[in-house]
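> the sequence isn't on hand, but the structure is:
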């Protein structure tokens with residue numbers, strides 16, 4: 001993924017805006033929930049980082065650490081999930097509702113993912129049987 005990621009120009013670094021969100025999925029059975037955490041650059045519409053995990057602060061921290069340094073200096077918009085507020089520095093983070101439109105691009109990406117990959121639909125007969133295949137299907 002990092003080979004094709006466009007690095008922001010030096011003058012864009014401070015203006016880089018990230019939209020963060022998480023997407024629910026499952027592996028093998030409904031009780032084995034997985035959350036796909038996504039960081040999407042608003043300027044380039046590229047997914048700059050993602051993490052598959054639970055919905056905890058630790059998974060959010062992994063996402064923050066996966067974001068390349070050039071993008072980590074920009075401003076981040078997310079929903080009101082508490083983990084974001086605990087991990088991302090306050091001066092770089094704004095929690096917003098969906099109606100604000102500040103996370104519209106990453107929400108659209110999640111909808112597209114659900115449309116194209118049956119394993120990410122909430123009520124489905126198609127699902128990943130292993131963690132490895134779940135990540136391969138996401139990539």
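Okay, I see it. All of these numbers come straight from a predicted model, not from anything done at the bench.
> what about the helices in the chain?
Listed in chain order, the helices found in the chain under DSSP state H are 57-66, 69-72, 82-87, 104-116, 131-138.
> with mean neighbour count added, can I get those in TSV?
(C-beta placed from N, C-alpha, C; glycine too.) Below are these laid out as TSV (neighbours: other CB atoms under 10 Å):
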stretch	mean neighbour count
helix 57-66	18
helix 69-72	17
helix 82-87	16
helix 104-116	15
helix 131-138	14
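> turn those helices into a markdown table, including distance to residue 18 and mean pLDDT.
Formatted as a markdown table, the helices of the chain follow (distance: least, CB to CB, whole Å; pLDDT from 0 to 100):
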| stretch | distance to residue 18 | mean pLDDT |
| --- | --- | --- |
| helix 57-66 | 10 | 94 |
| helix 69-72 | 6 | 87 |
| helix 82-87 | 11 | 93 |
| helix 104-116 | 9 | 82 |
| helix 131-138 | 19 | 61 |
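> with distance to residue 44 added, can I get the ones you listed in TSV?
Putting the helices of the chain into TSV (distance: least, CB to CB, whole Å) gives the following:
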stretch	distance to residue 44
helix 57-66	17
helix 69-72	10
helix 82-87	21
helix 104-116	10
helix 131-138	19
